[in-house]
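Participant: model the following, please.
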Amino acid sequence: MLGDYVDRGPESQGVIDYLINWPWEAELVLLRGNHEMIMEEAELSTEHFVHWCNVGGVETLTSYGGELENVPETHWDLMKGSLPYYETKKVIYVHGGVEPKKVMRKQDPVDLMWRRFPVAKKHLSGKLVICGHTVQRKGVPTDVGHTICIDTAACRGGWLTCLEAKTRRYWQADEEGKTRKGTLKPYRRAKTSS
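Facilitator: So this is what the prediction gives:
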């Protein structure tokens, strides 16, 4: 999961409960999104709290009965225990994006949550990067060869997207329960005229 489990609709508490009680056999790897960070910072000062409320915190707070004190410790633990990135032999998963010229262990965790897709460059490892954070307005994942962004605006009436990196197959669902699936076409760099 690529992050932003909170601040993205009226059921943030329910989303966290679902993740804590994950009902499937597959291992769940939770990555940290910028909204988990913003929610944690809301406890630090009035300024942070107001910022959080302006970016979805009001809905999250409402899902917890209107009080930050109502957030169970298990929910804080899930957010604080989420990873800044997850790396396999061929793929790097991250909420925002990666600094292309830094090895993963030296990446700035905050940058990993906030980096935007349009600035994506090939990572020095040569691995495929799968990210979210930047809405793809056409409603399907965008593949630029070295990076695929799967944020398809689920929180704004769009689609929630699941991608199988190896096959580039994806599945989507919307708030009304409609589903669809597809496969990303192999990336082809645009030809330049000389």
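
Participant: rest of the way, CA atoms for contacts and neighbours
Facilitator: Will do.

Participant: show me where pLDDT drops low in this structure?
Facilitator: By pLDDT under 70, the weakly predicted segments of the chain are 189-194.

Participant: what domains does the record give for it?
Facilitator: Residue ranges for the structural domains of the chain, counted by automatic domain parsing, are given in the record as 1-83, 84-185.

Participant: okay, the ones you listed in CSV with mean neighbour count next?
Facilitator: Output for these, formatted as CSV (neighbours: other C-alpha atoms under 10 Å):
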stretch, mean neighbour count
domain 1-83, 17
domain 84-185, 18
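
Participant: which residues in this structure form strands?
Facilitator: With DSSP state E applied, the chain shows strands at 85-87, 91-94, 128-131, 142-143, 147-149, 160-164, 169-173, 179-183, listed in chain order.

Participant: centre of the chain to the second one, how far?
Facilitator: This points to strand 91-94. For strand 91-94, the distance from its own C-alpha centre to the chain's C-alpha centre is 11 Å (C-alpha atoms, centre = their mean, to the nearest Å).

Participant: for the fourth one, same thing?
Facilitator: Remark: strand 142-143 is offset 15 Å from the chain centroid, using C-alpha atoms, centre = their mean.

Participant: again, but for the first one
Facilitator: The chain centroid and the centroid of strand 85-87 are separated by 12 Å under C-alpha atoms, centre = their mean.

Participant: for the third one, same thing?
Facilitator: When distances are taken as C-alpha atoms, centre = their mean, strand 128-131 is centred 11 Å away from the chain's centroid.

Participant: parallel or antiparallel, which strands does that strand pair with?
Facilitator: Within its sheet, strand 128-131 is paired with strand 91-94 (parallel), strand 147-149 (parallel), according to DSSP bridges.

Participant: and the strands of the chain: which comes nearest L112?
Facilitator: Go through these one by one with C-alpha to C-alpha and the one that ends up closest to L112 is strand 91-94, at 6.5 Å.

Participant: against I92, how distant is the closest residue to D7 other than its chain neighbours?
Facilitator: Ranked by C-alpha to C-alpha, 6 or more residues apart in numbering and with sequence neighbours excluded, the top spatial neighbour of D7 is G56, at 4.2 Å. Counting by C-alpha to C-alpha, to the nearest Å, the gap from G56 to I92 is 28 Å.

Participant: ok so, going back, closest one to N21 among the strands paired with strand 128-131?
Facilitator: Proximity of the strands paired with strand 128-131 to N21 was assessed by C-alpha to C-alpha; the nearest stretch is strand 91-94, lying at 22.3 Å.

Participant: who's in contact with the closest one?
Facilitator: Residues from elsewhere that reach strand 91-94 (C-alpha atoms under 8 Å, 6 or more residues apart in numbering): 2, 31, 84-87, 112-113, 127-132, 165.

Participant: just to revisit the earlier point, out of the strands of the chain, the one nearest M79 is which?
Facilitator: Counting by C-alpha to C-alpha, and looking across all of these, nearest comes strand 85-87 at 13.5 Å.
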